[in-house]
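Asker: kindly return the folded structure for what I paste below:
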Amino acid sequence: MIMIFTVFLSLWVQANPEEKMGHTNNRRWELNPLASIIELKDSNPSLLNETTNQAKELKKVKFYILNGEIRLAKMYLTKLSYTQSKLTPVILRYLGILFFIEGNYEKSYYYLDRPELKNFGHFAKICSIKVLTDIILDKNLKLQEDWSRCRLENTNNIQESNLVWLETLVDLKLNPRQGATSIPFRETGLRMLSNSDLKIILKLALYINQEKMIERQLTDLTEDHIRDPEIREIVGHIYFRLGSPKKSYRFIEDLKSPNSETMKGNLYIWRKKYELAYAQFKLAIEQKDNSQNAIERLLPLAWLLGDWKGGQEYAERVIASSDYQVNKLTLVAAFLTQKGDFERASKALDSITQMSRRGAEIDVTQLYSFVNLMLNKPDRVQKYAFQSCEQYDLMNCWLQLQMTQWDAFPLTMRRDEKIPYKKEWEKLVESDELKPLKETAFVNQLDVEEMDDKLIQIIPITTP
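Answerer: Reported below is the predicted structural model:
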């Protein structure tokens, strides 16, 4: 910042040296420097303590964001956002990043577009993520302005090769045309790139689905390229996308990173070796305990393999935005139900009805009716069996009928001994003899007709 100010001052003096320098010398003693930390210690120790504490809290926030602990980071940031200080731009920047990670782009844009972040210096630190937010929210006019300013203010901070990502995405948004996604790869020789530049190009190919454009060049990579574990990991992912599991496995076979372990698990799923895949994803979780890629694959495998305890733990570790909290709680309740922990399953389902209106959806009501059946709560069983029956669940329609006829039905369902029952209906099905019904006529029908005729003359009398 001092260097930028010095350059600006020298240019200002060069424009009119006599007048400017004279004016500056006359007012030199009127300017006061900003208070330093040492001065704050003597003049305003409370402000110093507050600033120091905020700096410590922001260090924690940064640590939590980098480690994927979004909930903890949000907790600390929310507390800091209510105070105004010199660190306010940093707090707003972290809030914008946090909501971007969560997928709440409207909220992210709200913080990134605050006036405190539009000043020179602050904007350069958030302009990349703001450009991405503009792209997602279709703010094309703002996108062009932000991208031009971002390139200008980050000229000395960003390498030209690293701009290919944003340049491609901005170009696709502002000038959409056929074949635009293949432009970055037409004249790119992968063999000639450095390791860092190669990673950028390979990741871009994955992101915009242009793996075919670089497939032929993957065999030409140098030995120095192949020695880089991250490059091998990305190449293995590309071959997986291209439908070549054997080539993919060759590149990632001896890698031990969370992404490579997840990729190996994907390859085992491809071959329908679910137990091996399950073990592989567990290895990925051990190396990175909040790996969402591994957790999202562990959940269906835990259900398929009947690991209810593990599935419940993995479901609780899913990072879900506010829009998907209900889905997460429903999944947790399903695993708890399968595990036999009906009390905790009931509490999870109660949380769903308290926090949203989706407690009446079929997935929730089905779990509710079964859980309350196991907990011997007849009134709640009838309530949720009825709601499920209304949504065309035949089993719950049957359950509702049983509850209206049999008060002890929940207790009977949980009995350990064998329940006796008779199949009387089978005798009726097996019987082949048909005996017609014989009716005894006590009154002749003709007598009835004659009596009626005398009363109302059903048969008209004809005169000769």
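
Asker: distance between stretch 272-284 and the chain's centre?
Answerer: 22 Å (Cα atoms, centre = their mean, to the nearest Å).

Asker: that one: which residues count as buried?
Answerer: Buried residues in stretch 272-284, counted by 16 or more other Cβ atoms under 10 Å: 277-278, 280-284. All C-beta atoms are positioned from the backbone trio N, CA, C, and that covers glycine.

Asker: how about the residues you listed in CSV, adding secondary structure, distance to residue 130 and pLDDT?
Answerer: Listed next are these as CSV, based on DSSP: H, G, I helix; E, B strand; the rest coil; distance: Cβ to Cβ, whole Å; pLDDT from 0 to 100:
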residue, secondary structure, distance to residue 130, pLDDT
277, helix, 39, 93
278, helix, 41, 94
280, helix, 38, 92
281, helix, 35, 93
282, helix, 38, 92
283, helix, 37, 91
284, helix, 32, 90
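
Asker: between these, which is nearest residue 134?
Answerer: Lowest distance from residue 134 to the buried residues of stretch 272-284 (Cβ to Cβ) belongs to residue 284, with 33.9 Å.

Asker: so what's that closest one up against?
Answerer: 258-259, 261-262, 265, 291, 293-294 (Cβ atoms under 8 Å, 6 or more residues apart in numbering).

Asker: narrow those residues to those in strands?
Answerer: If you go by DSSP state E, the contacts of residue 284 have nothing in strands.

Asker: any of those buried? List them.
Answerer: 258-259, 261-262, 265, 291, 293-294.

Asker: between those, which is closest to residue 444?
Answerer: For the buried ones among the contacts of residue 284, the nearest to residue 444 is residue 265 (87.9 Å; Cβ to Cβ).

Asker: for the closest residue to the closest one other than its chain neighbours, give me its contacts.
Answerer: Of all residues not flanking residue 265 in the chain, residue 280 sits nearest, at 3.7 Å (Cβ to Cβ, 6 or more residues apart in numbering). Shown in contact with residue 280 (Cβ under 8 Å, 6+ apart): 261-262, 264-265, 268.

Asker: could you tell me which of those belong to helices?
Answerer: 261-262, 264-265, 268 (DSSP state H).

Asker: residue 54: neighbouring residues, count only.
Answerer: For residue 54, the neighbour count with other Cβ atoms under 10 Å is 19.

Asker: list the contacts for it?
Answerer: So residue 54 contacts 80, 83, 85, 87, 91 (Cβ under 8 Å, 6+ apart).

Asker: element containing it, please.
Answerer: Element membership of residue 54 [criterion: DSSP states H and E] is helix 45-66.

Asker: the next helix or strand after that helix - contacts with which helices or strands?
Answerer: The helix or strand immediately downstream of helix 45-66 is helix 70-80, counting by DSSP H and E. Helix 70-80 sits against helix 45-66, helix 88-102, with contacts defined as 3 or more Cβ pairs under 8 Å, 6 or more residues apart in numbering; DSSP states H and E.

Asker: which residues sit against the shortest one?
Answerer: Outside helix 88-102, the residues that touch it by Cβ under 8 Å, 6+ apart are 54, 58, 61-62, 65, 70, 73-74, 77, 80-81, 105, 107-109, 111-112, 114, 116-117, 119, 122, 125-126, 129-130, 132-133, 321.

Asker: and the most centrally placed residue in the chain, what does it touch?
Answerer: Centroid-nearest residue in the chain: residue 320, 5.3 Å away (criterion: Cα atoms, centre = their mean). Shown in contact with residue 320 (Cβ under 8 Å, 6+ apart): 327-328.

Asker: which residues of the protein score low on pLDDT?
Answerer: 1-51, 158-162, 419, 431-432, 457-464 (pLDDT under 70).

Asker: tell me the domain ranges of it?
Answerer: The record's domain parsing of the chain by automatic domain parsing lists 52-174, 331-413.
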